[in-house]
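Asker: sequence and predicted structure below; questions after.
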Amino acid sequence: MRARATVAYDGAPFHGFAANTGVPTVAGLLVDVLSRVLRTEVTLTCAGRTDRGVHAAGQVVGFDLSERSDAELETLRDIVNRRIGPSVVLTSIHRAAEDFDARFSATSRTYRYRILDRLEPDPLLVTRVWHVAEPLDVAAMEAASADLVGLHDFTSFCLQQAPRPDGSMPTMMRRVTAASWRRLPDGPSGADLLEFEVSASAFCQRMVRTIVGTLVDIGRGEMAVDVIPAVLAAEDRRTAADSAPAQGLVFWSVAYD
């Protein structure tokens, strides 16, 4: 049978999601523990790879295992969580259709990015937010975000990709369905936390972080509010701003039909 699991993790201790020999990764830990618990080699697929330091609340993975009841799957989840927590947790596990693929069956992915825009940093949030030591023009950032929505070539916002074996280049066309900013309700840090949420059919590497970096430059007044269409049209990474740091980014959720 095929299982589908939702995974949450603190990305700070890991060198990204994908398995990488010699360094700790989320997939490496999951595969190791699942293989030992199930006593067979497990092959894992995921909805989207995350970079070093990026967190997840709703990453989705798929893997095959011998037939089990729903109760046995819950027992498996509890056993695995005792071995991989608290930095990584399986928040749910369910039976999936035989043709389910965590990556290719997904129809939409959502990320959230948090910023603390005030003079003083917050030591309790250092691995969870990007500290920007000045107030940002959220209205300008929100207006600019609207220009991201739709089907566009996001080459300017993504790391350059290697050619395919046939010499062709991967497409950077992506459909963004929503992009918006909001102030979070008052909390330990007051009202200084900003949250950006963006949903798309898929994302290319560093796309969200480069979008955030560019929107922050707009919020600082260093780039014009109407610059996004020109950056998209340029299809040149040099026209966008530097990428925002990894620690503010959370892979929030994945949608399936």
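Answerer: Thanks, I have the structure now.

Asker: neighbours around residue 6, how many?
Answerer: The criterion is other Cβ atoms under 10 Å. On that basis, residue 6 has 19 neighbouring residues. Heads up, the C-betas are built off the backbone N, CA and C, glycines and all.

Asker: also residue 233?
Answerer: By the measure other Cβ under 10 Å, the count of residues near residue 233 is 12.

Asker: list phi and psi for it.
Answerer: Reported as degrees, to the nearest 10, the phi and psi values for residue 233 are phi -70, psi -30.

Asker: same deal with residue 231?
Answerer: Backbone geometry at residue 231, expressed as degrees, to the nearest 10, gives phi -70, psi -40.

Asker: what about it, distance to residue 160?
Answerer: When distance is defined by Cβ to Cβ, to the nearest Å, residue 231 is 16 Å away from residue 160.

Asker: and the end-to-end length of stretch 7-20?
Answerer: One end of stretch 7-20 sits 19 Å from the other (Cα to Cα, to the nearest Å).

Asker: hang on, I meant stretch 8-28
Answerer: First-to-last residue span, stretch 8-28, Cα to Cα: 15 Å.

Asker: contact partners of it?
Answerer: Taking contacts as Cβ atoms under 8 Å, 6 or more residues apart in numbering, the residues outside stretch 8-28 that touch it are 7, 29, 31, 44, 46, 49-59, 61, 86-89, 91, 127, 246-247.

Asker: for stretch 132-148, same thing?
Answerer: For stretch 132-148, the external contacting residues (Cβ under 8 Å, 6+ apart) are 115-121, 176, 179-181, 183, 194, 196, 198, 211, 215-216, 218-221, 225-229, 232.

Asker: just stretch 161-180 next, same as before
Answerer: When contacts are taken as Cβ under 8 Å, 6+ apart, the neighbours of stretch 161-180 outside the stretch itself are 108, 142, 145-146, 148-155, 158, 196-205, 207, 211, 235.

Asker: ok, stretch 231-243 next?
Answerer: Residues outside stretch 231-243 that contact it (Cβ under 8 Å, 6+ apart): 147, 152-160, 172, 206, 209-214, 216-217, 222-223, 230.

Asker: low-confidence stretches in the stretch 51-200 of the chain?
Answerer: Applying pLDDT under 70 to the stretch 51-200 of the chain flags residues 186-191.

Asker: need the three-state assignment for the residue nearest to residue 255 when sequence neighbours are not counted.
Answerer: In this structure, residue 255 finds its nearest non-sequential neighbour in residue 108, 4.0 Å apart by Cβ to Cβ, 6 or more residues apart in numbering. Counting by DSSP: H, G, I helix; E, B strand; the rest coil, the backbone at residue 108 sits in strand.
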